[in-house]
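1. Fold the following, please.
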Amino acid sequence: QVQLVESGGGLVQAGGSLRLSCAASGRTVSSYTVGWFRQAPGKEREFVAAISWTSGLYYADSVKGRFTISRDNAKNTVTLQMNSLKPEDTAVYYCAGTRPYYSSTNYHEGASYDYWGQGTQVTVSS
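-> Numbering: from 1, shown residues only. Prediction:
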């Protein structure tokens, strides 16, 4: 059983940076794909970024060039570095994990993921 715990959210001014972490337990993080999703009030959940177990990197167009996803196998953690934050980045951010060694062309879809964290709030003020 995989457990995922997000941390690092908070309040930041537009143009600032935050670093979100997703700490995994139950299985080594390098054996499955981890994605970040976000959900703003009144909006549907949307894909942000993913790092596959083969180290492929995937980003939503809205965050390309500003967000970077990475994995630390020694710490069993996946990190989302968010720079040049905008008010429209305000949302609850969730990390999610697939089943082991799952390959897909749909890492941007929530249905590809079997495990979810509880979420961390990111608020960007203008």
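
2. Can you report how many residues lie near the nearest residue to Gly8 once chain neighbours are set aside?
-> Closest residue to Gly8 apart from its sequence neighbours, by CB to CB, 6 or more residues apart in numbering: Leu20 at 4.2 Å. Glycine gets a C-beta too; all of them are placed from N, C-alpha and C. Number of residues near Leu20 (other CB atoms under 10 Å) recorded here: 24.

3. Same question for the helix or strand containing Leu20: list its buried residues.
-> For Leu20, the enclosing helix or strand under DSSP states H and E is strand 18-25. Within strand 18-25, the residues that qualify as buried are 18, 20-24, counting by 16 or more other CB atoms under 10 Å.

4. next one: stretch 58-76
-> Applying 16+ other CB under 10 Å to stretch 58-76 flags 59-60, 63, 67-69, 71, 76 as buried.

5. Off-centre distance for that stretch?
-> Offset of stretch 58-76 from its chain centre (CA atoms, centre = their mean, to the nearest Å): 7 Å.

6. And the contacts of that stretch?
-> 23-25, 28-30, 34-36, 46-52, 55, 57, 77-85, 88-89, 107-108 (CB atoms under 8 Å, 6 or more residues apart in numbering).

7. Noted, bye for now.
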